[in-house]
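Peer 1: mind looking at a prediction? Sequence and model below.
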Amino acid sequence: MSANGKFLKGQLLLDGGNLSGSFFHQSVVLICQHDADGAFGLVLNHSLGRTVGEMVVADLPDRLKESPLYLGGPVQPAALSFLHTDHFIPNADVLPNLSLGHSIDELVDIGESFSTNKKVKMFAGYAGWSPGQLETEMKRKAWLTFPASLELVFETSPEQLWQKILKSKGGWKNKLLSQMPEDLSLN
């Protein structure tokens, strides 16, 4: 379990300023699964700078092919995951009306549906923690937590996500951290 006695599914993890030099520097990770067997998350703010169609060999609808592809984490960078939302998803498994998927067939079905409320965000790779690993990192204060929302996942610019959440958390330390340059040598 987490440092505060709860699993962190549905929470965002933010680099709390202690991950400089690592893959997770200034990252925002949505925890999609967390239980006694470990945790699975997707980094929301690391764009690959490529579209899904440039990187994924599959017969996807054009709308999905033109979408940006994000680097979900350092584990299995060839593995595809996606988050999707719609007006109502009765069996949502991450947040209310937010589900995680891994199947190309499911992705094609979602891409071909006609809902105007549907949103999809796709990822290569993921962030994973073995049993107890995330809890240890939380005890070391490597991460800050913040409640996830559909707005933060789909509507907030990935380039501004980390800073926006830190400012929302309030306090002088978070404000100062949000203004920290990515490369400290530029300060």
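Peer 2: Sure thing, it's come through.
Peer 1: in the helix or strand hosting Gln160, what's buried?
Peer 2: Assigned by DSSP states H and E, Gln160 belongs to helix 158-169. By 16 or more other CB atoms under 10 Å, the buried positions in helix 158-169 come out as Leu161, Trp162, Gln163, Ile165, Leu166, Lys169. C-beta coordinates here come from the backbone N, C-alpha and C atoms, glycine included.
Peer 1: all strands of this structure, in order?
Peer 2: According to DSSP state E, the chain carries its strands in the segments 11-15, 28-35, 38-43, 47-51, 68-71, 75-85, 98-101, 119-129, 143-147.
Peer 1: give me the residues contacting the helix holding Gln160.
Peer 2: 12, 14-15, 26-28, 44-47, 70, 144, 146, 152, 156, 174-175, 177-179 (CB atoms under 8 Å, 6 or more residues apart in numbering).
Peer 1: any idea of the mean pLDDT in that helix?
Peer 2: Mean pLDDT, helix 158-169: 93.
Peer 1: make residue 1 into 10 and carry on from there
Peer 2: Will do, 10 is the new start, and the previous item becomes helix 167-178.
Peer 1: for that helix, C-alpha coordinates in CSV please.
Peer 2: Taking Å, rounded to 0.1, in the frame of the first residue of the first chain, the C-alpha atoms of helix 167-178 are listed here in CSV:
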residue,chain,number,x,y,z
PRO,A,167,1.2,18.3,-21.9
GLU,A,168,4.0,21.0,-22.0
GLN,A,169,2.2,22.9,-19.2
LEU,A,170,0.8,20.0,-17.2
TRP,A,171,3.5,19.6,-14.6
GLN,A,172,3.7,23.4,-13.9
LYS,A,173,-0.1,23.8,-13.8
ILE,A,174,-0.6,21.0,-11.2
LEU,A,175,2.2,22.3,-9.0
LYS,A,176,0.7,25.8,-9.0
SER,A,177,-2.7,24.3,-8.2
LYS,A,178,-1.2,22.5,-5.2
